[in-house]
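J.: no FASTA, just this:
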């Protein structure tokens, strides 16, 4: 047997964190973990994303998102790839070779609440955008044109 010497005195047992979904809205989140996995149908792949809220009264709460990258339906693949591109862009990146490059990045998550028939009310992350906590990537601009003839006329 292991000796613990645990004492509950001084622990507020009535101040338990609220369970259940957070209200719909936009929240700054930090990407903690990602994983690429096969769809349940084994006919495609998705990215599973675990985030943690970094501010607001819900700081420390976790949200999960799933984005389909490859699916037999071209439309589903197109939607998923656009959503993933939005996430990568929100992280200030243009291209990545591994989802771990997203870890630690702070983005804004648009969160909704839906009623799941099996599990009750739960949160869905609808999309990710730039967070005020992280400036959007600077777009590269071409050098100013030289005065004179237009380039296509040379």
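T.: Arrived safely. Every value quoted in this text rests on a predicted model; they were computed, and no experiment measured them.
J.: Any chance of the backbone angles for residue 82?
T.: Here is the backbone geometry of residue 82 (degrees, to the nearest 10): phi -70, psi -40.
J.: typo on my end, it should be residue 87
T.: Per degrees, to the nearest 10, the backbone of residue 87 is at phi -70, psi -50.
J.: distance between stretch 120-129 and the chain's centre?
T.: 10 Å (C-alpha atoms, centre = their mean, to the nearest Å).
J.: what do you get for stretch 53-71?
T.: With C-alpha atoms, centre = their mean as the basis, stretch 53-71 stands 5 Å off its chain's centre.
J.: try stretch 62-82
T.: Taking C-alpha atoms, centre = their mean, the mean C-alpha location of stretch 62-82 is offset from the chain mean by 13 Å.
J.: Neighbours of residue 86, how many?
T.: Neighbour count for residue 86, taken as other C-beta atoms under 10 Å: 16. All C-beta spots, glycine's among them, are computed from the backbone N, C-alpha and C.
J.: where along this protein do the strands fall?
T.: Secondary structure of the chain, counting by DSSP state E: strands at 25-38, 45-53, 62-70, 106-116, 120-130.
J.: Tabulate those in CSV, adding columns for distance to residue 83, mean pLDDT and mean neighbour count.
T.: Output for the strands of the chain, formatted as CSV (distance: least, C-beta to C-beta, whole Å; pLDDT from 0 to 100; neighbours: other C-beta atoms under 10 Å):
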stretch, distance to residue 83, mean pLDDT, mean neighbour count
strand 25-38, 14, 96, 16
strand 45-53, 9, 97, 19
strand 62-70, 5, 96, 17
strand 106-116, 11, 96, 17
strand 120-130, 6, 95, 16
